[in-house]
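# using only what follows, build the 3D model:
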Amino acid sequence: MTSRHIFIIALATLSTLGVSCNKVLVEDPQSIISPDAFFKTEAQCVQATNGVYGHLPDIFAQSAFWSMCMAGTDLFLYHGGSTATTAIQDYDFSSASETNSYALWKSVYPAIKDANFVISRLESSPIADSAKNRLLGECKFLRAMDYYMLTNTFGDVPLWTGELDAAKVAALPRSPVADVRTQMITDLKDAAAGLPVSYDAQDVGRVTKGAALTLLAKTYLFAKDWQNAYQTAGEVISEHQYQLLSNFSDLFDPTLKNKNNKESIFEIQYNRDASTNLNYQTNQYYSWFFPQGDASGGTYAGVDFGTTLLQSYPEFYHTHRLVNLYQDADTRKEVTLAWGYNGQPFTAFPEAGYPWFGPKFWDLTANRTNSAKNLYFLRYADVLMTYAEAANELGKTADAIGALNQIEERAGLGDLDASMSQTALRQFIMYERAREFVGEFQRKWDLPRWGKLVDDIQLIAGEIANGAKNVKAFNALFPIPYDEISKNPKLTQNQGY
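Sure, this is the predicted structure:
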């Protein structure tokens, strides 16, 4: 089944089974397939699993998700019209006013509910064990991914893995983050055991063994379990299933030529047919970073991008800190940032002397706000970075530098000094993750796990004075949504809110 079909039928499947809605629906029973009558064939089980995948494009296409992951970091400046997003940048929000993170909560828990349901039914399905174990692995990865996003955002969160009725779910307390990560680790180990290393072309985009191991390594990294993070990332490296693309620019080709490439481990899949203008599953992420359209129309910051009907809502600009993190020789700089396009220099900029975001973010095949640009969630560079960070914390300097040098060479830079201290290498990794993963939903989760959120926001006080003044250590986590606490007295609030 193609990635396109995964998401076309996905949500329809679980809605038909009557398990994907946030409120009770009164339906004609003849129009609903009983779950007990489903899950009898491999095709039915695949269809139900596709329904679990179907949540991801909607989660990652939310502007609230982008705002939550990028506003209030040291790399982005928000210039849009959302007061809620401005409040994140200013670190001036409460549990009652913060809506961006609540959007994640409201979209991820239904995904967990569906994953739990499908896992439960797959376990008792009569299909062959090989197919069953693969599909269970896919669903368990997706459930772990959901909890990964929740724990990085809120810390302790309600944890459940079985089929529970709405009343029981609504009364669950928060589980300690360590307990949630224990469940994530169990799910990801199970997934890695049952998943293939790759798929035929028609199933590209599904979860692989490498994806499960990569997310497992990152889960260990967040838990500061350096040994297991090192070993697990090392296992992904040793299997030689993935490799860095030769050119960083190829990862982010603005005409979308390199979806699901050899460096990609797991992407959020989107699809549109430019020849027919059919939008199957799209997002408008690119439009938040595209150069400002000119008032006369047809050009963007004075540059003609051709006849494609593009759209520009540049909500985010970069900080001076981000621009200055790059050496001039770093090939990632001209992909992440742009002073022009196709030999044409821009005639207007967000700020004198500073560029627009570059082709890393663009989709030149889009139709207005309909973009088919996939969004990376896991790629091989992150495996190397995870391995290097864990190795450095274990005192394995040579291993750390060896992994990092692969990324440095791809960026057109020289090898690192082999005599770097652990402290210097730790700081380098923090900078290098900023340079490599701009806009890939990582910085807002990286800074808190390093205990660097307050320090790094205060470094850009000249650009976000309110944020630098207001940011506190407790802002490493977002508040538990006020509406959820008001409905469930067993939920407690994060410190500081």
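
# what mean pLDDT would you report for the host helix or strand of residue 426?
Following DSSP states H and E, one finds residue 426 within helix 422-436. Mean pLDDT, computed over helix 422-436, is 98.

# can you check stretch 239-258 too?
Stretch 239-258 comes out at a mean pLDDT of 97.

# now that stretch: buried residues?
241, 242, 244, 245, 248, 249, 251, 252, 253, 254, 256, 258 (16 or more other C-beta atoms under 10 Å). From N, CA and C alone the C-beta is placed, and that goes for glycine too.

# in helices, which of the residues you listed fall?
Using DSSP state H, the subset of those located in helices is 248, 249, 251.

# I'd like these written out as JSON lines, with distance to residue 228 added.
JSON lines is the format used below for these (distance: C-beta to C-beta, whole Å):
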{"residue": "248", "distance to residue 228": "29"}
{"residue": "249", "distance to residue 228": "34"}
{"residue": "251", "distance to residue 228": "28"}
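
# returning to that earlier point: mind giving me the packing neighbours of the helix or strand following the helix holding residue 426?
Downstream of helix 422-436, the first helix or strand assigned by DSSP H and E is helix 443-449. Contact here means 3 or more C-beta pairs under 8 Å, 6 or more residues apart in numbering; DSSP states H and E; on that basis helix 443-449 packs against helix 63-70, helix 209-222, helix 422-436.

# still on that earlier bit, run the chain-centre distance for the helix holding residue 426.
Centroid separation for helix 422-436 versus its chain: 20 Å, with C-alpha atoms, centre = their mean, to the nearest Å.

# so what secondary structure elements neighbour it?
Using 3+ C-beta pairs under 8 Å, 6+ apart, helix 422-436 sits against helix 320-325, helix 380-393, helix 397-410, helix 443-449.

# just the CA coordinates of the last one, formatted as PDB?
Coordinates of each C-alpha in helix 443-449 appear next as PDB, following Å, rounded to 0.1, in the frame of the first residue of the first chain:
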ATOM      1  CA  ARG A 443      15.400  22.900  19.600                       C
ATOM      2  CA  LYS A 444      12.500  23.500  22.100                       C
ATOM      3  CA  TRP A 445      13.100  19.900  23.400                       C
ATOM      4  CA  ASP A 446      16.900  20.000  23.300                       C
ATOM      5  CA  LEU A 447      17.500  23.200  25.300                       C
ATOM      6  CA  PRO A 448      15.500  22.000  28.400                       C
ATOM      7  CA  ARG A 449      17.100  18.600  28.500                       C
END
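
# and the contacts of that helix?
68-70, 72-75, 152-153, 221-222, 430, 433-434, 437, 453, 456, 476-477 (C-beta atoms under 8 Å, 6 or more residues apart in numbering).

# go again using 7 Å as the cut-off
68-70, 72-73, 75, 152, 222, 433-434, 453, 456, 476 (C-beta atoms under 7 Å, 6 or more residues apart in numbering).

# pLDDT on it, on average?
98.

# mean confidence for the next helix or strand after that helix?
The first helix or strand that comes after helix 443-449 along the chain, using DSSP H and E, is helix 453-458. Averaging pLDDT along helix 453-458 gives 98.

# how about stretch 72-89?
97.

# buried ones in the helix holding residue 426?
425, 428, 429, 432, 433, 434, 435, 436.

# now distance to residue 82 too, for those residues, in JSON lines please.
Below are those laid out as JSON lines (distance: C-beta to C-beta, whole Å):
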{"residue": "425", "distance to residue 82": "38"}
{"residue": "428", "distance to residue 82": "35"}
{"residue": "429", "distance to residue 82": "32"}
{"residue": "432", "distance to residue 82": "31"}
{"residue": "433", "distance to residue 82": "27"}
{"residue": "434", "distance to residue 82": "24"}
{"residue": "435", "distance to residue 82": "27"}
{"residue": "436", "distance to residue 82": "28"}
